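Participant: Sequence first, predicted model second:
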Amino acid sequence: MESIELRQVTPDAFGGRELSGSEVWQTERTFGRGEVCLVEAVSGAGKSSLCGYLYGYRKDYRGTIAFDGKDIRKWGRGEWRECRNNRLSMLFQDLRLFPELTASENIKLKNRLTHYKSKEWIRTAFERVGIADKWESPAGKLSFGQQQRVALIRALCQPFDFILLDEPVSHLDAANSRVVGELLSEEVRQRGAGLILTSIGLHPLLKYDKTLRL
Amino acid sequence: MNLIRKLLRSHLSIAQLTGFFVANLTGMVIVLLCVQVYADLRPLFGGEDGLMRNNYLIVTKKVSTLGMLSGRNSLFSPEELEEIRRQPFIKKAGVFDASRFKVAAGIAFQNIGFSTEMFFESVPDEYLDVQSPEWHFTPGGKTIPIILPRNYLDLYNFGFAQARNLPKMSEGVISLMRLDIRLSGEGRQGEFTGKIVGFSNRLNTILVPDDFIKWANQTYASHTKPASSRIILETNLSGDAEAERFLKANGYETDQEKLEAGKAVGMLNRITFVTGAVGMVICVLSVYILMLSIYLLLQKNSTKLENLLLIGYSVSQVSSPYRLLTWTLNMTVLLLSVAAVLYLRSLYIPWLTESWPDFKPVSVSGMLLTAAGLCLTVSLLNGFVIGCKIRKLS
């Protein structure tokens, strides 16, 4: 997948009102593969809506979103599944981990589908982001910051052309943010993938090619 | 699949599933037992002399003192026959044709010889319950095939022979015997050989082929054909009560026992039907419990299911633990209910064999097919509902 295009997209929740100053809504916007892009927003600007539209689990918008020119509103279940397994990864703001499974089982659950990463890689990643001792802990027992790191590793356990990150390091200190940022940019660079990170306010996690106001 | 199963196992209600299991097992056992009992009992009522398949009644008019004085009253007129045939519960009606000449039959067997006057009757072949290749007569032939009522044989074997210390006779031995038959009338005489070709449960008379009676009546009797005094009816099974009312209202008499047997068959039908229906209702309700239980389970796990679908699992992958659960439950119910029915059957079969010596157990394939069909239907329905519910989440 080479591009994600937004053509005059407006969330239904905004009604018919004119949005002034948005560089994403009600305009023509293309995210290209290989681009690292920050979408900064104030609360209520539709940050999570944008992620929901792009990942296909929300459709309450007007306008057209197209992947490689194909309108995703028309996609069926099979196309989305294929896309979510091979081309598009996402780190949800609410993480969507399974609290009763251990941290490592949460990763396995995804990796079993894609067989993309080795067990060694996953262990190393746990060590790098500082949660190696949480391998066997139930995800529900981890702090939100630790859960964010588990969810990030899970998001990396698949091939992708684009990765969406919704407030990925909101609960991390500066040191941990830096480590997470390194891991993320390594993986994105390796795959030559595009990255779209949404955040409230400026986000110093990565070097961005583009910063857009939502 | 282990992780998914681990994930989706929570909220599983053992109490609800047990409820389903017990209820469905009960329902299945009732339904299957009905099917099997019905299959086992049917031949007892519906053999060659099929009360189940065909319901035959032999009807006469009441013989009354007044009728005796007025003469022809005990005969069925063509109009009366027409009226009987018009009744909706009558499939067909045939008349008995009687010999209108003198018949004398003699027999010599093991030092007992006797000769007696007798008569012959015939009915159209379609009403016969005995099949014999010898059952035909061509004018000019010298052999007359004869069918006797089975109770004549019983009367001899269990009454006469027993009392007089004579050997009992099987059907085979009797068919070897030859009767000397002498017909006379209208100044003519004829010698014939009678051969007993079978015994009828249905027709309580000495039967000869229709062709023979027609020929013999032409040859030895005056040509005026009187109306018949006995008729044979084939009724619809369900028409028994109606038939009884109709016959009573018109002053006709019939073999009451047959009507009673007909009623018994009707009762058997109704009882198995009602019991089977109750079993079906229990089954349906139990399946409903299962559906509700699974629906609740899916509802409680809906966030997890949604998340699994979002991280790239397919509907069939996500629904497989639930499908597996229902298939396991349904298969267990299937096996246990079939085992229970086979066990119960092994209890009642000896009793049936004792009560009806000629009872032959039928195969259990009908019951097995019903069981498999029900199980398959329920499992597929479960799978369909689970699939629908999960698809709604994605």
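Facilitator: Perfect, I can see it now.

Participant: Residues of chain B that sit close to chain A?
Facilitator: Within chain B, the residues that sit near chain A (Cβ under 8 Å from any Cβ of the partner chain) are B:3-4, B:6-7, B:10, B:304, B:307-308, B:310-315, B:391, B:394. Every C-beta, even on glycine, is put in place using the N, C-alpha and C of the backbone.

Participant: Regarding the chain, what is its longest helix?
Facilitator: By default, I'm working from chain A. helix A:174-191 (DSSP state H).

Participant: oops, I was thinking of chain B
Facilitator: helix B:256-300.

Participant: and that helix, what does it pack onto?
Facilitator: helix B:14-45, strand B:55-61, helix B:240-249, helix B:315-355, helix B:365-393 (3 or more Cβ pairs under 8 Å, 6 or more residues apart in numbering or on different chains; DSSP states H and E).

Participant: Which is the succeeding secondary structure element to it?
Facilitator: Next in sequence after helix B:256-300, counting helices and strands by DSSP states H and E, comes helix B:302-310.

Participant: Can you list the neighbours in contact with that following helix?
Facilitator: A:55, A:57, A:84, A:90, A:92, A:96, A:98, A:109, B:4, B:7-8, B:298, B:315, B:317-318, B:390, B:393-394 (Cβ atoms under 8 Å, 6 or more residues apart in numbering or on different chains).

Participant: Show me which positions of it end up buried.
Facilitator: In terms of neighbour count (16 or more other Cβ atoms under 10 Å in any protein chain shown), helix B:302-310 has its buried residues at B:304, B:305, B:307, B:308, B:309, B:310.

Participant: That one to helix B:256-300, inter-axis angle?
Facilitator: 70 degrees (axes from the mean of the first three to the mean of the last three Cα atoms, to 10 degrees).

Participant: from the chain's centre, how far out does helix B:302-310 sit?
Facilitator: 57 Å (Cα atoms, centre = their mean, to the nearest Å).

Participant: For it, the averaged confidence score.
Facilitator: Helix B:302-310 carries an average pLDDT of 91.

Participant: re earlier: just the closest of the residues of chain B next to chain A to residue A:9, please.
Facilitator: residue B:310 (20.8 Å; Cβ to Cβ).

Participant: Surely residue A:100 is in a strand?
Facilitator: No. Residue A:100: not assigned to a strand; according to DSSP: H, G, I helix; E, B strand; the rest coil it is coil.

Participant: How much space separates it from residue A:139?
Facilitator: 8 Å (Cβ to Cβ, to the nearest Å).

Participant: Between the two, which is the more surrounded one?
Facilitator: residue A:139 (22 against 15; other Cβ atoms under 10 Å in any protein chain shown).

Participant: That one: what's it in contact with?
Facilitator: Contacts of residue A:139 (Cβ under 8 Å, 6+ apart): A:97, A:98, A:99, A:100, A:101, A:102, A:103, A:106, A:147, A:150.

Participant: List just the nearest of the buried residues of helix B:302-310 to residue B:346.
Facilitator: residue B:305 (46.2 Å).

Participant: quick one: the closest one from residue A:84, how far?
Facilitator: Counting by Cβ to Cβ, the gap from residue B:305 to residue A:84 is 15 Å.

Participant: next one: residue A:77
Facilitator: Taking Cβ to Cβ, one finds residue A:77 at 11 Å from residue A:84.

Participant: And those two? Which one has more around it.
Facilitator: residue A:84 (22 against 13).

Participant: Without its sequence neighbours, what residue ends up closest to that one?
Facilitator: Of all residues not flanking residue A:84 in the chain, residue B:312 sits nearest, at 4.5 Å (Cβ to Cβ, 6 or more residues apart in numbering or on different chains).

Participant: Show the contacting residues for the one you found.
Facilitator: A:81, A:84, A:85, A:110, A:113, A:114, A:158.
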